[in-house]
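Participant: only geometry, no sequence info:
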């Protein structure tokens, strides 16, 4: 099944907002109903591909036949950009200026190499395409003549070593399918980002993804033990051992490279036994500051839960911490801040960690809210993107951004980003509601994840762009990183250049020139084009 072409996920799960929420948006933010009818996919007209027929023939030869090179309008539209709010708004308005010339579906590493050679011979750029869930412009290269390299045929479990607890997965394998294949042999990867239902293994590696259970299982880049990379200049293979002192770790060069250095064709990951039990519960804190201090205590001194999250006062009040109960918190004058803790593992270990963590959280001012908030969060943990689409449907604008910093910088970072978003959007006539939660914790710091809701205004993309830029500036000025887990793409690229510094960027440019001398791989993503 493909995702909605102009929205997120399974069409059967897309549901309209209740009238009460629509009224709330009208009263709080001045959201007005949409007056322009939505375009149907068949209403969008694309120009015929301008690629040389000889190029399309060469691509077909590379992947075993014409049936694996698609030039029909629907296939091309479905591979246009990603799933950020600006991406969807532009697509809903009929803007398909970033449409690929063709969609190419290789089935093996060797076929990927052959495709890259064909692209080089015919001056076509290539954009690796997994689940299509990028929200930072990672699928919109700065080149009009490009093909989308859809990896869905590379969707297998190649090897599982139960002794070493490792698995070799292909890049086009979607996360639920990977979990199902591993579960049959008693294992789990433990990577559950909000994009879980649609994102792929290769995409997780290419963007340095972080899942909602990162406190227990770690980020995806911590799970990766080896990678195979196909480039126009040949193949790179990494991961001979779990750790090595044999020079710089080339895995780290490939992780987060977003298709700019090559196409990831296999990923070796560490796996863990399926947990006997999964338990989630809620805690209440009087303030975000108090809750953050409690999370820091657990992150630094333990015991660390598998899932550990904290919503600020606004997110808790609105109910975004539990998307299926949106607006429910408005009836509570003492809502405070909601934290979610989750424990996965053996029954004995889970019970012990819960007891010890509860003592810490209570000592830090927390009050146990019971299992209901935790179970509700777990049930709706992948619902927020559907809620975003429903908001767009009624004329609201909704978008997210995230960052991370050391614990000592979190308070100033939180204040600075909220102020940048609020001030900029208010000046453009669309005052926002800005919500935030701590989504990932570490011994030395944490990630802040912001959600912004406002009226769309006359031109929602034009309204959002200066606000996003102001937030990016605020992130760097407050000592945060420009992205914690969404990747760089084109949206963050100019700020990533500032974060990495001139010499760092030139070092990465040198790598790209060696692996991709013609600049065909995702041009303009991650690094500026020459």
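Facilitator: Received the coordinates, thanks. Being a predicted model, the structure only gives us computed values, none of them experimental. Numbers count the residues shown, from 1 in each chain.
Participant: for the residue nearest to residue 162 when sequence neighbours are not counted, helix, strand, or coil?
Facilitator: Once flanking residues are discounted, residue 162 sits nearest to residue 185: 6.9 Å by C-beta to C-beta, 6 or more residues apart in numbering. For the C-beta atoms, the positions are set from N, CA and C on the backbone; glycine is no exception. What DSSP: H, G, I helix; E, B strand; the rest coil gives for residue 185 is coil.
Participant: Specify the local secondary structure of residue 300.
Facilitator: helix.
Participant: Please report how far the residue nearest to residue 526 when sequence neighbours are not counted lies from residue 100.
Facilitator: Nearest residue to residue 526, sequence neighbours excluded (C-beta to C-beta, 6+ apart): residue 260, at 4.4 Å. Using C-beta to C-beta, to the nearest Å, residue 260 is found at 17 Å from residue 100.
Participant: Looking only at neighbour counts, state which of those two leads.
Facilitator: Under the criterion of other C-beta atoms under 10 Å, the comparison of residue 260 against residue 100 puts residue 100 first, with 31 against 24.
Participant: Provide a list of residues in contact with that one.
Facilitator: 76, 79-80, 127, 146-148 (C-beta atoms under 8 Å, 6 or more residues apart in numbering).
Participant: ok, now how distant is it from residue 161?
Facilitator: 37 Å.
Participant: got it, and residue 293?
Facilitator: Note on residue 293: its distance to residue 161, by C-beta to C-beta, is 42 Å.
Participant: Between the two, point out the one with more neighbours.
Facilitator: More crowded of residue 293 and residue 161, by other C-beta under 10 Å: residue 293, with 14 against 11.
Participant: Pop out the phi and psi values for the residue lying closest to the more buried one once chain neighbours are set aside.
Facilitator: When the adjacent residues along the chain are set aside, residue 293 lies closest to residue 364, with 6.0 Å between them (C-beta to C-beta, 6+ apart). Main-chain dihedrals, residue 364, degrees, to the nearest 10: phi -90, psi 10.
Participant: For residue 364, list the residues it contacts.
Facilitator: By C-beta under 8 Å, 6+ apart, residue 364 lies in contact with 285, 290, 293-294, 297.
Participant: quick one: it and residue 448, what's the gap?
Facilitator: From residue 364 over to residue 448 the distance is 19 Å, taken as C-beta to C-beta.
Participant: Which residues belonging to stretch 357-366 are considered buried?
Facilitator: For stretch 357-366, burial by neighbour count (16 or more other C-beta atoms under 10 Å) applies to 357-358, 360-361, 364-366.
Participant: give me the element residue 209 is part of.
Facilitator: Using DSSP states H and E, residue 209 sits in no helix or strand.
Participant: Provide the count of other residues in contact range of it.
Facilitator: Residue 209 has 26 neighbours, counted by other C-beta under 10 Å.
Participant: Tell me the pLDDT of it.
Facilitator: At residue 209, the model reports a pLDDT of 98.
Participant: now the one 10 residues further on
Facilitator: Note for residue 219: predicted pLDDT of 98.
Participant: before we move on, what about residue 46?
Facilitator: Reading off the model, residue 46 has pLDDT 90.
Participant: likewise the one 10 residues further on?
Facilitator: As summarised for this prediction, residue 56 has a pLDDT of 96.
Participant: Report how many residues lie close to it.
Facilitator: Neighbours of residue 56 (other C-beta under 10 Å): 21.
Participant: That one: what secondary structure?
Facilitator: Classification of residue 56 by three-state DSSP places it in helix.
Participant: give the contact list for it.
Facilitator: 49, 69, 71, 102.
Participant: Could you tell me how far the third one is located from residue 236?
Facilitator: By that I understand residue 71. 31 Å.
Participant: Same question for the second one.
Facilitator: Distance of residue 69 to residue 236, computed by C-beta to C-beta: 26 Å.
Participant: cool, the last one as well?
Facilitator: Plainly put, residue 102 is 26 Å away from residue 236 if you go by C-beta to C-beta.
Participant: quick one, which of those two is more surrounded?
Facilitator: Taking neighbours as other C-beta under 10 Å, residue 102 and residue 236 compare with residue 102 leading, 22 against 17.
Participant: check contacts around that one.
Facilitator: Applying C-beta under 8 Å, 6+ apart to residue 102 gives the contacts 49, 51, 56, 59, 69-71, 76, 147-148.
Participant: Apply 10 Å and report the result again.
Facilitator: 49, 51, 55-56, 59-60, 69-72, 75-76, 79, 124, 146-149 (C-beta atoms under 10 Å, 6 or more residues apart in numbering).
Participant: In PyMOL, how would I select the buried members of those?
Facilitator: Selection of buried members from those for PyMOL, criterion 16+ other C-beta under 10 Å:
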select buried, resi 49+51+55+56+59+60+69+70+71+75+76+79+124+146+147+148+149
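Participant: can you give me how far stretch 359-369 is from the chain middle?
Facilitator: Distance, stretch centre to chain centre, for stretch 359-369: 31 Å (C-alpha atoms, centre = their mean, to the nearest Å).
Participant: Oops, could you answer that again for stretch 228-243 instead?
Facilitator: Distance, centroid of stretch 228-243 to centroid of chain: 24 Å (C-alpha atoms, centre = their mean).
Participant: same thing with stretch 379-394?
Facilitator: Taking C-alpha atoms, centre = their mean, the mean C-alpha location of stretch 379-394 is offset from the chain mean by 15 Å.
Participant: what's the spacing between residue 378 and residue 448?
Facilitator: Residue 378 sits 22 Å away from residue 448, going by C-beta to C-beta.
Participant: Repeat that for residue 346.
Facilitator: Counting by C-beta to C-beta - residue 346 and residue 448 are separated by 32 Å.
Participant: if you count what's nearby, which of these two comes out ahead?
Facilitator: residue 448 (25 against 12).
Participant: My guess is that one contacts residue 405. True?
Facilitator: Yes - with contact defined as C-beta atoms under 10 Å, residue 448 counts as touching residue 405 (7.6 Å).
Participant: quick one: residue 346 and residue 278 touch, right?
Facilitator: No - checked against C-beta under 10 Å, the pair residue 346 and residue 278 is beyond contact range at 11.5 Å.
Participant: which non-adjacent residue is nearest residue 314?
Facilitator: residue 435 is the one closest to residue 314 (C-beta to C-beta, 6+ apart), at 4.7 Å.
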